[in-house]
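Colleague: got a sequence here, can you model it:
(chains A and B)
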Amino acid sequence: MTMANRRAFLFLCCSALVTPIARPSLAQTPSDRAAAFVRTTGERILAAMRSTGSVAERRKIVGPIIDQAIDVDGVAQFCLGRFWRTATPDQQQRYTKLFHEVLIGNITSKLGEYKEVKLTVGRTQTRDDIYIVSTTIERADNPPTTVDWVVGNVTSNPKVIDVIAEDTSLRITQRSDYASFLSHNNNDIDKLIRAMKDQLAQN
Amino acid sequence: MDADLCTPPVPTAVLLTRVWRVVLFAGLLAVVLTGCATPPPANDPEALAEFKQTNDPLEPTNRVFFEVNNGLDTVLLKPAAQAYRFAVPGGVRTGIHNFLSNLGATVQLSNDVMQGKPRRAGDTSMRFLINSTFGVLGVFDVATDWGYPNHETDFGLTLANWGVSDGPFLFLPVLGPSGPRDLVGFGVDMVQDPFTWVGATPGLRAFNWTKFGLSALDSRERFLDSLDQINKTALDPYATFRSLYRQHRTGQIKELRDDNRATIPVWFPQARTNATPSQAR
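Modeller: This is a model prediction of the structure:
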């Protein structure tokens, strides 16, 4: 290889390395931003999945990622549905705090199953101000799963507001769980809070 | 085996009719004993709207069957599925799943045609031809790699495509979450299935029961992790399963309705394709 050839080769290598990294920063459309946000978040979560530490350690790594990437307060309010308005400010505060812990606990316990995962980001759809980024998750010995990430507030501070796995929405499922629990417990929010505490203690 | 030789051969269809008579009787008894759900008072419009949206007037009865099924699952199906996972390697389990899925091709094709979905019918036919031959009796799913993806379908979805709504929620003994439309769909699919009608010799009867048992093991094994997760994280697992079932069916119906892929070959100038992303390959 001559000097000129080598230089051309090196240049090509460098540009090949730089291009995929530079692309997200050049991308200005909200759709691309939403997709880039999901890709980064997905990769951070995948990295946490691969960490072989104890459950408590994983919780420590995953907690901040969830708080940063997911609109946990918004999801918590959605999941309480019509009962949010009837709750006292104190109940709202206790419930939201518990919801954070329950969500982190649920995701962490799920992480154990999700080692050796490949995440591919697909197309993005828009509905009003909300962006839905489709991804495919592949695991060994399992058929690929379609997971849609619903991202809000894309232009200023993007946050995941729902995760739809195989047509089932995480927050709608959670809301029907809480609604049914409350309707069988005299709509008593304190009982819901107690049940959430028990659940946390068990897991 | 001795019992098989002594008793006169009974077709599976007749046996299943007997099973259904028992199930129907148990169902009626449970409705009489547990009654219906009480709607919330009219002065609470939000609760009333939620009650109507949930559309589960037989909730107390459904919950009884939910508990019965959970009991059966704990002592029977779940340990069997765990043993199946432990004893049979993943690759073999996939082969068994593919084999069973290939046996359902006739029912699948019939529904594709009744739904008026030519590309789906084409996929099903090609899958059956390719997988039954190159895929060694359906054990290997070669067709997916060759551009003929699988899809789920049943007569419940056919009815939905014809405009029949799902109706009130039902949780059935053994069968699990359903509704009037999907229950009728289950019955019609059984009638449509040639295997229902061929069980008149001991050999074929044994084959049918093995197929039935393996299908149960295969589907339960596939849900081992997700069902554990739901039971661990849900405060009211019954309501969670109800919601998941409904959302899943709604998703399947939407995917079916949106699947309007053209039937003209790829090399022919395409006038208008309206493919859904998951099927456009």
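
Colleague: which element is the residue in the stretch 151-281 of chain B positioned nearest to chain A on?
Modeller: The nearest approach of the stretch 151-281 of chain B to chain A comes at B:Gly251, 2.4 Å away (C-beta to the nearest C-beta). Using the backbone N, CA and C atoms, a C-beta is placed for each residue, glycine as well. Using DSSP states H and E, B:Gly251 maps to helix B:237-258.

Colleague: rewinding a little: let me see the contact set for the residue of the stretch 151-281 of chain B closest to chain A.
Modeller: By C-beta atoms under 8 Å, 6 or more residues apart in numbering or on different chains, the contact list for B:Gly251 reads A:Glu166, A:Asp167, A:Thr168.

Colleague: make a markdown table from these and add secondary structure and pLDDT to it.
Modeller: Shown next, in a markdown table, are the contacts of B:Gly251 (DSSP: H, G, I helix; E, B strand; the rest coil; pLDDT from 0 to 100):
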| residue | secondary structure | pLDDT |
| --- | --- | --- |
| A:Glu166 | coil | 86 |
| A:Asp167 | coil | 88 |
| A:Thr168 | strand | 91 |
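
Colleague: any of the residues you listed buried? List them.
Modeller: Neighbour-count burial (16 or more other C-beta atoms under 10 Å in any protein chain shown) applied to those gives A:Asp167, A:Thr168.

Colleague: near chain B, which residues of chain A?
Modeller: Within reach of chain B by C-beta under 8 Å from any C-beta of the partner chain, chain A has these residues: A:82, A:102, A:106, A:109-110, A:113, A:122-123, A:134, A:140-141, A:146, A:166-169, A:172-173, A:176-181, A:183-184, A:192, A:195-196, A:199, A:202-203.

Colleague: from those, which land in helices?
Modeller: If you go by DSSP state H, the residues of chain A next to chain B have A:102, A:106, A:109-110, A:172-173, A:176-181, A:183, A:192, A:195-196, A:199, A:202 in helices.

Colleague: give me the buried entries from the residues you listed.
Modeller: For these, buried by 16+ other C-beta under 10 Å: A:102, A:106, A:109-110, A:172-173, A:176-181, A:183, A:192, A:195-196, A:199.

Colleague: centre of the chain to stretch B:208-225, how far?
Modeller: How far stretch B:208-225 lies from its chain's middle: 12 Å, per C-alpha atoms, centre = their mean, to the nearest Å.

Colleague: on that earlier part again, make a markdown table from the contacts of B:Gly251 and add distance to B:Thr61 to it.
Modeller: Shown next, in a markdown table, are these (distance: C-beta to C-beta, whole Å):
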| residue | distance to B:Thr61 |
| --- | --- |
| A:Glu166 | 29 |
| A:Asp167 | 27 |
| A:Thr168 | 25 |
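
Colleague: show me the contacts for the residue in chain A that chain B sits nearest to.
Modeller: At 2.4 Å from chain B, A:Asp167 is the closest residue in chain A, using C-beta to the nearest C-beta. By C-beta under 8 Å, 6+ apart, the contact set of A:Asp167 is B:Gln247, B:His248, B:Thr250, B:Gly251, B:Gln252, B:Lys254, B:Glu255.

Colleague: for burial, what's the neighbour tally of A:Cys159?
Modeller: Actually, residue A:159 is Lys. It isn't Cys. By other C-beta atoms under 10 Å in any protein chain shown, the residues close to A:Lys159 number 20.

Colleague: same question, B:Asp166
Modeller: B:Asp166 - counted by other C-beta under 10 Å - has 20 other residues nearby.

Colleague: next secondary structure element downstream of the worst-scoring helix or strand of chain A on mean pLDDT?
Modeller: Least confident helix or strand, chain A: helix A:3-26 with a mean of 50, by mean pLDDT, DSSP states H and E. Once the chain leaves helix A:3-26, the next helix or strand it forms, by DSSP H and E, is helix A:30-50.

Colleague: helices or strands next to that following helix in the packing?
Modeller: helix A:3-26, helix A:55-69, strand A:117-127, strand A:130-139, strand A:145-152 (3 or more C-beta pairs under 8 Å, 6 or more residues apart in numbering or on different chains; DSSP states H and E).

Colleague: low-confidence stretches in the stretch 51-200 of chain B?
Modeller: B:199 (pLDDT under 70).

Colleague: what do you get if the cut-off is 50, keeping everything else the same?
Modeller: By pLDDT under 50, the stretch 51-200 of chain B has no low-scoring segment.

Colleague: so where do the helices sit in it?
Modeller: With helices called from DSSP state H, counting those that start in this stretch, the stretch 51-200 of chain B shows them at B:59-72, B:78-87, B:90-103, B:105-114, B:118-133, B:142-145, B:155-161, B:180-192.

Colleague: tell me the buried residues in the shortest one?
Modeller: The one in question is helix B:142-145. Buried residues in helix B:142-145, defined by neighbour count with 16+ other C-beta under 10 Å: B:Val142, B:Ala143, B:Thr144.

Colleague: out of those, which is nearest to A:Pro158?
Modeller: Distance to A:Pro158 across the buried residues of helix B:142-145 (C-beta to C-beta) is lowest for B:Thr144, with 34.6 Å.
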